[in-house]
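[1] Got a predicted structure here, sequence first:
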Amino acid sequence: MTTAYPKFTKADVTLIKKESLYKGFFELNRYHLKHKLFDGSQSKIVVREVFERRHAAAVLPYDPIRDELVLLEQFRFPAMETSDQPWLIEVVAGIIEHGEQPQEVCIREAQEEAGILVSQLIKVSSYLASPGACTERIHVYLGYVDASTAKGIHGLDSESEDIKVLTVPFEQAVAWLQEGKIDNSTAIIAIQWLMLNKQKVRQQWLATE
């Protein structure tokens, strides 16, 4: 017999105190809280330090005619902790500003980071980047692009961006994924989704050509 445990919502969490530890481009706060337990009782006071990061949108640019992806390569300092190669292969992504929709961010960032136009978008996923420590939610899309227009170095000087654009055959990107050359979560999720759905996507998009 399966035990019926309660289903919880935000109402089952009691916030006792919030302390600001750091406030800059990102924030770090310490929370004191209680929440209901599966056995029906109340937890003791739980203390959690939370990295408050704004939510983001990401798009994997895909050319269904050429069967190519547009990927980015750029330096990520935190990757140095676990990698000898902190220049990561990524998808296009950016922070969602106040009043923006995720789809708008995908279109804007594709132009800023890769110099390409996204003409159609398909929702891939929405996931929590690191829910044990961070508030960030990332909305992931697949974008229809003309990969022949993707080239060069891009990025905003004001944000110290130095982004190299890569035009990659789909099978090459899959090989990089399997070899561990692509090792960041958003790119993995997006490419694996396309691996599962490519035939359907190509049929849908090429039917409109």
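    Good, I have the coordinates.
[2] Output the contacting helices and strands for the one helix or strand in the chain whose mean pLDDT sits lowest.
    Lowest on mean pLDDT, DSSP states H and E among the helices and strands of the chain sits strand 153-154, with a mean of 93. Packing contacts for strand 153-154, counted by 3 or more C-beta pairs under 8 Å, 6 or more residues apart in numbering; DSSP states H and E, involve helix 102-114, strand 163-169. From N, CA and C alone the C-beta is placed, and that goes for glycine too.
[3] Which residue ranges make up each domain of the chain?
    10-52, 56-206 (automatic domain parsing).
[4] His32 contacts Val46, correct?
    Yes - judged on C-beta atoms under 8 Å, His32 makes contact with Val46 at a distance of 7.4 Å.
[5] What is the end-to-end distance of stretch 164-177?
    19 Å (C-alpha to C-alpha, to the nearest Å).
[6] make that stretch 37-47, sorry
    16 Å.
[7] let's have the chain start at 54 instead
    Noted, 54 is the first residue going forward, which turns the last one into stretch 90-100.
[8] what's the spacing between Lys251 and Tyr84?
    According to C-beta to C-beta, to the nearest Å, Lys251 and Tyr84 sit 42 Å apart.
[9] now for the longest helix along the chain, which elements pack on it?
    If you go by DSSP state H, the chain has its longest helix at helix 238-259. Judged by 3+ C-beta pairs under 8 Å, 6+ apart, helix 238-259 is in contact with strand 109-116, strand 121-128, strand 140-143, strand 173-181, strand 190-197, helix 223-232.
[10] again, only using 6 Å
    strand 173-181, strand 190-197 (3 or more C-beta pairs under 6 Å, 6 or more residues apart in numbering; DSSP states H and E).
[11] how about that helix: buried residues?
    239-240, 242-244, 246-247, 251, 254, 258 (16 or more other C-beta atoms under 10 Å).
[12] before we move on, the earlier item: out of the helices and strands packed on strand 206-207, deepest packed?
    The highest average neighbour count among those, using mean count of other C-beta atoms under 10 Å, belongs to helix 155-167 at a mean of 20.
[13] and that helix, how far from the chain's centre?
    Distance of helix 155-167 from its chain centroid, counting by C-alpha atoms, centre = their mean, to the nearest Å, is 13 Å.
[14] what's the angle between it and strand 121-128?
    70 degrees (axes from the mean of the first three to the mean of the last three C-alpha atoms, to 10 degrees).
[15] May I have helix 155-167 as PDB, with CA atoms only?
    Extracted C-alpha coordinates of helix 155-167, given in PDB (Å, rounded to 0.1, in the frame of the first residue of the first chain):
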ATOM      1  CA  PRO A 155      11.700  35.400 -22.800                       C
ATOM      2  CA  GLN A 156      11.100  35.300 -26.600                       C
ATOM      3  CA  GLU A 157      12.100  39.000 -26.900                       C
ATOM      4  CA  VAL A 158      15.400  38.200 -25.100                       C
ATOM      5  CA  CYS A 159      16.100  35.300 -27.500                       C
ATOM      6  CA  ILE A 160      15.700  37.600 -30.500                       C
ATOM      7  CA  ARG A 161      17.700  40.500 -29.000                       C
ATOM      8  CA  GLU A 162      20.600  38.300 -27.700                       C
ATOM      9  CA  ALA A 163      20.900  36.400 -31.000                       C
ATOM     10  CA  GLN A 164      21.500  39.700 -32.700                       C
ATOM     11  CA  GLU A 165      23.900  41.000 -30.000                       C
ATOM     12  CA  GLU A 166      25.900  37.800 -29.500                       C
ATOM     13  CA  ALA A 167      25.900  36.200 -33.000                       C
END
